[in-house]
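> structure for the following, please:
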Amino acid sequence: MAENEARKEKGGYEKRISYFLVALLLMALSCTPSVKQEDLYGTWKYTKVENPNQGTPNATSGDELKENDPSISFSASDSLKMIWGGKVLSRGTFKLEYPTISYKEQLPGGTTRNIRFLIKKFANDEIVFETMEADAVRVTAKRTAP
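As a prediction, the model looks like this:
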């Protein structure tokens with residue numbers, strides 16, 4: 001009889017843990033923004049560029065950002081354009097597969113390169129995204145134009 005009581009108690013404990021984990025998962029999912037492709041449309045001015053995975057994290061200086069005025073633009077035609085120093089640094093097409101952006105960069109000679117960005121944060125008019133490679137580059141940007 002004591003054995004049955006112990007099993008019941010253990011089963012009840014496991015059930016409570018399961019309910020707690022399900023509730024925790026539901027809360028986490030409800031806090032994740034549902035970003036749609038059209039939410040990205042517009043021009044985003046870089047406010048911070050950093051390399052977080054380097055031994056000593058490295059960031060582009062505020063003066064360099066001010067001087068080069070870098071930005072990224074997403075358009076309704078699914079095109080993406082990166083600007084640095086008033087010149088097009090990169091262009092191509094993109095597809096949002098939240099939490100990633102798949103970017104197909106157009107290279108000289110008609111070749112392409114696929115790059116994936118991980119969206120770390122998306123709130124109101126700010127986005128934080130980074131390249132998905134060992135030597136990641138993380139960008140924080142503010143929307144400047146729809």
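> when you work out contacts or count neighbours from here on, use the C-alpha atoms and nothing else.
Will do.
> off-centre distance for the helix or strand encompassing residue 141?
Using DSSP states H and E, the element containing residue 141 is strand 138-145. Its chain's average C-alpha position is 12 Å from that of strand 138-145, according to CA atoms, centre = their mean, to the nearest Å.
> next one: stretch 71-85
Per CA atoms, centre = their mean, the centroid offset for stretch 71-85 relative to its chain is 16 Å.
> show me what the strand holding residue 141 is packed up against.
For strand 138-145, the contact count by 3 or more CA pairs under 8 Å, 6 or more residues apart in numbering; DSSP states H and E identifies strand 42-51, strand 126-131 as packing neighbours.
> now the element after the first one, going C-ward?
Spelled out, it's strand 42-51. Sequence-wise, the next helix or strand beyond strand 42-51 is strand 58-59, with elements assigned using DSSP H and E.
> measure the residue nearest the centre of the chain to residue 128 for me?
When the chain is reduced to its mean C-alpha position, the nearest residue by CA atoms, centre = their mean turns out to be residue 119, at 0.5 Å. Residue 119 sits 6 Å away from residue 128 when distances are taken as CA to CA, to the nearest Å.
> same check, this time on residue 145
When residue 145 is compared with residue 128 (using CA to CA), they lie 17 Å apart.
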